[in-house]
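Visitor: The following comprises the amino acid sequence and a computationally predicted model.
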Amino acid sequence: MSFFRHITACNSPIDEVFLPWRIDEQVVGLVRPAFIEHLRRFPDVFEFGDAQFRLAPDLDGFEARSEALNEVARALSDAEVISPYMGEPYAVTPGGRESAVCVVDRAAAAYFGVHSFGQHLNGYVKRADGIYMWLGRRARDRLLFPGYLDNMVAGGLPHSLSLEENLVKECAEEANVPEELARNAVPVGAVSYNRVAERGLRRDVLYCYDLALSDDFEPRNTDGEVEEFMLLPLDEVARIVLETEEMKLNCNLVVIDFLIRHGWLPPHHPEYLDLVTGLRQPMHRQGEQ
């Protein structure tokens, strides 16, 4: 078995056509032609060309664009073209969150192929016999990856919240981590990937954090999204990632990054360089402008 197979799973070859979505001549998304056909219902919002489409130029400014896209998302959700409307604004941006030109509901983000941002936190305990890591098991009623193992805290990053605000919120909701403790989380970088999924092209960036915990802390879910938590030796967590498919796809990447940074995966490991470079995929496909 191979650790690298998880990077391959999150970055499978793109062997189908995705058309660029432009706002102000900048590519902000990559969309399947079949989805664009649904967008033809909204001629006041989009203009269509042979090999691309764009937001109508008279929708000028962050608020006007966001309001129009919000109505599109609600309509497509009501028609069951996309996932149920979530009421969480996600950045529509040619680059990072700070470059957002508008927002779209989280339910529509993957269909529009926009960059999506999330935060994943590794909760761990240092003992005399080594590092132990907290993992959660996703509730069986989750829309995506029900029953799979997850990082202790993991969630999407709405554009309306700062990184710090959202991390505190997610820690409280997912693991009942007090705010004072959550603010001790150490930002340790990010992983990124480009995955072709059923809903569209996932162009995701996950901001990663480590949080050292005491032996007497036990996470407790408060929002119903996690079925149980378990504290496992790091060797066992690594075995799960290496030998099984029990963990949610992108969480494998976050754990592999942890294994590298904490020396469990050393530089002489045969996959080391491929893993180090593979965990951080470019945010733009070749030819994007």
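Guide: Okay, I see it. Numbering: from 1, shown residues only.
Visitor: same for the stretch of helix or strand residue 107 belongs to, what does it pack against?
Guide: Under the criterion of DSSP states H and E, residue 107 resides in helix 106-112. In terms of contacts (3 or more Cβ pairs under 8 Å, 6 or more residues apart in numbering; DSSP states H and E), helix 106-112 is packed against strand 26-31, helix 62-78, strand 89-92, strand 115-127. The way it works is simple: take the backbone N, C-alpha and C, and place the C-beta from them, glycine included.
Visitor: Could you name the helices and strands sitting against the longest one?
Guide: Same thing as helix 62-78. Using 3+ Cβ pairs under 8 Å, 6+ apart: helix 62-78 touches strand 89-92, strand 102-105, helix 106-112.
Visitor: One more pass at 7 Å, please.
Guide: With contacts defined as 3 or more Cβ pairs under 7 Å, 6 or more residues apart in numbering; DSSP states H and E, the packing partners of helix 62-78 are strand 102-105, helix 106-112.
Visitor: Around residue 94, count how many other residues there are.
Guide: Look at residue 94: counted by other Cβ atoms under 10 Å, it has 21 neighbours.
Visitor: Quickly list the domain ranges of this protein.
Guide: The chain is divided into the following domains under automatic domain parsing: 19-112, 116-278.
Visitor: just the helices in the protein please.
Guide: Ranges of helices within the chain are 4-10, 33-39, 62-78, 106-112, 163-175, 179-182, 234-243, 249-261, 272-278, based on DSSP state H.
Visitor: Select, out of those helices, the one closest to residue 221.
Guide: Among the helices of the chain, helix 163-175 comes nearest to residue 221, with 6.1 Å by Cβ to Cβ.
Visitor: Going by neighbour count, which residues of that closest one are buried?
Guide: Using 16 or more other Cβ atoms under 10 Å as the test for burial, helix 163-175 gives 166, 167, 168, 169, 170, 171, 172, 173, 174, 175.
Visitor: circling back: tabulate the helices and strands packed on helix 62-78 (TSV), appending distance to residue 87, mean neighbour count and mean pLDDT.
Guide: Formatted as TSV, these follow (distance: least, Cβ to Cβ, whole Å; neighbours: other Cβ atoms under 10 Å; pLDDT from 0 to 100):
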stretch	distance to residue 87	mean neighbour count	mean pLDDT
strand 102-105	7	24	98
helix 106-112	8	24	96
